[in-house]
Structures are given as structure tokens and as C-alpha cells.
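Q: below are the sequence and a predicted model; questions follow.
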Amino acid sequence: MRHSPAATLRAVAIFGVPDDPREAGYILADGQMLDFSGRRLGNAPSGQRAEDHRAIYEVYPRARFDHLTDAMLRFMAEEEAVRIGFRLAELGLDFIEEVTRAQERTIRDLLHYTRKVIADRVNKDRHKRDVSTEIFQAPFFWPEVQAFLRGEEEEG
């Protein structure tokens, strides 16, 4: 399923874009990030994400979700969004299918902020919770990271 410009525009209008990439919660298909610092709720900038990723449910004002995780997975699937989060010196990436070239560029830029990347490719069927995980340590070998993001890694 391809992303809906209306939902993406709503997400940017609601959350804004971060001043500090460590405050981001998602990378959109165009490489732009969403600000999950909590600044929109009155929090002071802190250099870290403060809002839960599931707050993305606000993008779907008429939808009813059994679990807010369903809203998060819907956003990731329909908007081709990559969920991101920094924890100390680690960058977590969760995505469905492969990422766009614009997202690759953003992720490559984010490697300067971390020593370790934990990347999870989530099954596109929202009812199955299958995840393929790869861990990358600095110094990063970009072609290896890129191959995983594109779904081209070798079976082994």
C-alpha cells in the first residue's frame, strides 16, 4: 500500500519536524523526520524522544483501534515510515518492507550519533508479529546496513 499525502501532511502538521534528530520518532518516505520530543505538548527540548511512538494515532482522527500499536503499524505500513528511537549510544530502526532512498540518506546521516544500530524489519501482515533483526556495530560498513534496509541481505 502506498502512502497517503493527506496522512503524511497531517503527521507533519501535528508533530512537526525535530531540531535535533535524536528527538525524532519516525522517518517519513521523503526522508523528513517527525518530532516526538514532546515540544508540541509544552516539553522543553531535551535531545531525546519523549513521546510514545503510538501517539501517531492522532493522525487518524476518525479511526478506532483496538490497540494503539495498530495505529503505529498502520502508519508504518501505509506511509512507508521508519520508526526510530535513540537509546544511549544505540539507534533502533523498525520498518516494514524496504526503506526508500531518501530514508536511507537520513539513516546514513544518523549513524554519526550512534555506535550501534538495531534494525528490525516487521512482517507487512499486521496480524503476524514476525520480525527480522540485524545488529550493526561501529565502525559501520554502509553496504551491509544498506543491503538489510533494502531486503537484499544474504540468507545464512
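A: Sure, I can see it.
Q: where do the strands sit along this protein?
A: Using DSSP state E, the strands of the chain run over residues 24-27, 33-35, 82-87, 90-96, 116-122, 131-137.
Q: the fourth one: partners in the sheet, and parallel or antiparallel?
A: Read that as strand 90-96. Here strand 90-96 has these sheet partners by DSSP bridges: strand 82-87 (antiparallel), strand 116-122 (parallel).
Q: so which of those strands is nearest residue 52?
A: Closest of these to residue 52 is strand 82-87, at 10.1 Å (criterion: Cβ to Cβ). In short, each C-beta sits where N, CA and C put it, glycine included.
Q: just the CA coordinates for the closest one, please, in PDB.
A: Taking Å, rounded to 0.1, in the frame of the first residue of the first chain, the C-alpha atoms of strand 82-87 are listed here in PDB:
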ATOM      1  CA  VAL A  82      10.500   4.000   9.600                       C
ATOM      2  CA  ARG A  83      10.100   4.100  13.400                       C
ATOM      3  CA  ILE A  84      13.300   5.300  15.100                       C
ATOM      4  CA  GLY A  85      14.500   5.800  18.600                       C
ATOM      5  CA  PHE A  86      17.800   6.500  20.200                       C
ATOM      6  CA  ARG A  87      18.700   4.800  23.500                       C
END
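Q: and it, what's buried?
A: For strand 82-87, the neighbour count (16 or more other Cβ atoms under 10 Å) marks 82, 83, 84, 85, 86 as buried.
Q: now the strands of the chain as TSV including distance to residue 74?
A: Formatted as TSV, the strands of the chain follow (distance: least, Cβ to Cβ, whole Å):
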stretch	distance to residue 74
strand 24-27	13
strand 33-35	15
strand 82-87	12
strand 90-96	10
strand 116-122	12
strand 131-137	17
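Q: format the strands paired with strand 90-96 as JSON lines; extra columns: mean pLDDT.
A: JSON lines is the format used below for the strands paired with strand 90-96 (pLDDT from 0 to 100):
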{"stretch": "strand 82-87", "mean pLDDT": "95"}
{"stretch": "strand 116-122", "mean pLDDT": "93"}
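Q: could you export these as JSON lines, including distance to residue 54?
A: Shown next, in JSON lines, are those (distance: least, Cβ to Cβ, whole Å):
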{"stretch": "strand 82-87", "distance to residue 54": "10"}
{"stretch": "strand 116-122", "distance to residue 54": "14"}
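Q: right, I'll leave it there.
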